[in-house]
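Participant: here are the coordinates; sequence isn't available:
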């Protein structure tokens, strides 16, 4: 009997529910008035900050934690230590998120007094609960890494990226708690923006790419990463440290901006070496011949595996067209890296750009991370529960369509200036309608993913 802990589905369900009724609903409530020309909700800044925090820690954070608590022990070949603590991680973080959301939306409607003071304390307590949950998770994870076999080399290539994840979770939760002790609502805005940068650069991209490198060869039949992934991780970490330091200190020769340029270049180089673009463009046979060789293709045909499985993949179609979600996620990541590269160059030159950081962040968070989660969740999680396929394969296609509609609707109207459309009547108005509906598209996609996973796990 294995000592490994079973997959904790509660993390995935909680992340999906928090995204549906919390993060994406708040985002839709902000986007719809802007898209359809209605009045913005009262206390708009609170809506924005709560939406962002719920999306980062509640949606992506809990999903990452839940998957890593199952995946990482098997990856390093050591049972998860302190398995009884995993339920407290979920309880602390979820309770903190719910308490903070309720209190923040109640305080503005009350006059200053004893009740608002108590609610303010409750907000601070909720931040500490979230931090406690993250700290327990990091304690369990670091203990696991320390117990791995001494001669185990599997972790070395991705070690810098997982080290960044640990540092990112620690800094994000600590800074978030400090914000609610030392600053008021308006003063939190720059700190909130800095925390988002930390979570994107230190947690989300390193984890997403490390998992991609380790799992894509198994799921979508691409060759293993053949360049020194370890040193790419070190280079990325150094550039991120310089860039984040530039938030507080004026670096000589604009080193922080140069570092941001290198970050974008590293991301593009890593995507190139992942071989996803050729996988999308070449036929399965041509791809296998180019990257595996004629002999491998002949052996696959002789064994019958090439004709029985879906061409170019290891499955038989029981997970739907999940690869479309992964491909679109990495297309959005390329767009993100190019946009960030242009933004950085514009800070060093006279280049003028018609967009700010908001559409770029949503390209990353909604386009790359959310689409990648949709794809990996419906391909990887059934296997965690020993299921041999999904309840509905058509739902995978619909999440691909709705997810990309959500991204396009959310970023296109504010990424492309109105003057680019010339005299085309009504085009900007329709784009803004898409902006207003983007949150609804995302919520429907989330509900479909939740339904598909729930029915799959039950079956």
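Facilitator: Good, I have the coordinates. This structure is a prediction, so every number in the text was calculated from the model and none was measured.
Participant: could you report the neighbour count for residue 245?
Facilitator: 13 (other Cβ atoms under 10 Å). Every residue, glycine included, has its C-beta placed from N, CA and C.
Participant: tell me the spacing between it and residue 259.
Facilitator: 9 Å (Cβ to Cβ, to the nearest Å).
Participant: same deal with residue 325?
Facilitator: 31 Å.
Participant: what does stretch 34-54 rub up against?
Facilitator: Contacts of stretch 34-54 with the rest of the structure, by Cβ atoms under 8 Å, 6 or more residues apart in numbering, involve 18-19, 22-23, 26-27, 29-30, 32-33, 97, 100-101, 104-105, 108, 176, 185-186, 188-189, 192, 196, 413, 432-438.
Participant: show me the residues you listed that map onto helices.
Facilitator: 18, 26-27, 29-30, 32-33, 97, 100-101, 104-105, 176, 188-189, 192, 196, 413, 432-438 (DSSP state H).
Participant: list only those of those residues flagged as buried.
Facilitator: Buried members of the ones in helices among the contacts of stretch 34-54, scored by 16 or more other Cβ atoms under 10 Å, are 18, 26-27, 30, 32, 97, 100-101, 104-105, 176, 188, 192, 196, 413, 432-438.
Participant: next up, the contacts around the spatially most central residue of the chain.
Facilitator: By Cα atoms, centre = their mean, the mean C-alpha position of the chain lies nearest to residue 369, the distance being 3.2 Å. Each residue near residue 369 by Cβ under 8 Å, 6+ apart is listed here: 60, 204, 208, 329.
Participant: number of residues surrounding the closest residue to residue 454 other than its chain neighbours?
Facilitator: Spatial nearest neighbour of residue 454, chain neighbours left out: residue 13 (7.5 Å); criterion: Cβ to Cβ, 6 or more residues apart in numbering. By the criterion of other Cβ under 10 Å, residue 13 has 16 neighbours.
Participant: which strand or helix spans residue 13?
Facilitator: Applying DSSP states H and E as the criterion places residue 13 in helix 9-18.
Participant: repeat that for residue 240.
Facilitator: Since the elements are taken from DSSP H and E, residue 240 ends up inside helix 229-245.
Participant: chain center to that helix: distance?
Facilitator: In terms of Cα atoms, centre = their mean, to the nearest Å, the centre of helix 229-245 is found 19 Å from the chain centre.
Participant: over to stretch 89-96?
Facilitator: Relative to its chain's centre, stretch 89-96 lies at 19 Å (Cα atoms, centre = their mean).
Participant: mind listing residues that contact that stretch?
Facilitator: 8, 10-11, 14, 18, 57-58, 61-62, 65-66, 69, 126-130, 132-134, 136-137, 140.
Participant: switch to 7 Å and redo it
Facilitator: In this structure, residues lying in contact with stretch 89-96 by Cβ atoms under 7 Å, 6 or more residues apart in numbering are 10-11, 14, 57, 62, 65, 126-127, 129-130, 132-134, 136-137.
Participant: can you tell me which of those residues are in helices?
Facilitator: Among the contacts of stretch 89-96, the residues falling in helices (DSSP H) are 10-11, 14, 62, 65, 126-127, 129-130, 132-134, 136-137.
Participant: assess the claim that residue 312 and residue 284 are in contact.
Facilitator: Yes: here residue 312 lies in contact with residue 284, judged by Cβ atoms under 7 Å, at a distance of 3.2 Å.
Participant: what angle do the host helix or strand of residue 328 and helix 229-245 make?
Facilitator: Taking DSSP H and E as the definition, residue 328 sits inside helix 322-348. Orientation of helix 322-348 against helix 229-245 (axes from the mean of the first three to the mean of the last three Cα atoms, to 10 degrees) gives an angle of 50 degrees.
Participant: what lies in contact with whichever helix or strand comes after helix 322-348?
Facilitator: Downstream of helix 322-348, the first helix or strand assigned by DSSP H and E is helix 357-362. Identification of contacts with helix 357-362 by Cβ under 7 Å, 6+ apart yields 196, 336, 339, 340, 343, 410, 411, 414, 415.
Participant: whatever helix or strand comes next after helix 357-362: which residues count as buried?
Facilitator: Sequence-wise, the next helix or strand downstream of helix 357-362 (DSSP H and E) is helix 371-384. Neighbour counts over helix 371-384 (16+ other Cβ under 10 Å) mark 371-382, 384 as buried.
Participant: then stretch 206-219?
Facilitator: Burial within stretch 206-219, assessed by neighbour count using 16+ other Cβ under 10 Å, is assigned to 206, 207, 208, 209, 210, 211, 212, 213, 214, 216, 217, 219.
Participant: cool, and stretch 106-119?
Facilitator: 107, 116, 119.
Participant: okay if I get the residues you listed as CSV plus distance to residue 264?
Facilitator: As requested, the buried residues of stretch 106-119 are exported to CSV (distance: Cβ to Cβ, whole Å):
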residue, distance to residue 264
107, 39
116, 44
119, 42
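Participant: can you tell me the element residue 316 falls in?
Facilitator: Applying DSSP H and E as the criterion places residue 316 outside every helix and strand.
Participant: hmm, it is touching residue 309, no?
Facilitator: Yes: counting by Cβ under 7 Å, residue 316 touches residue 309, with 5.9 Å between them.
Participant: pLDDT weak spots in the stretch 351-459 of the chain?
Facilitator: In the predicted model, the stretch 351-459 of the chain carries pLDDT under 70 at residues 418-423, 425.
Participant: which two among the buried residues of stretch 206-219 are spaced furthest apart?
Facilitator: With distances taken as Cβ to Cβ, the most widely separated pair in these is 206 and 219, at 19.5 Å.
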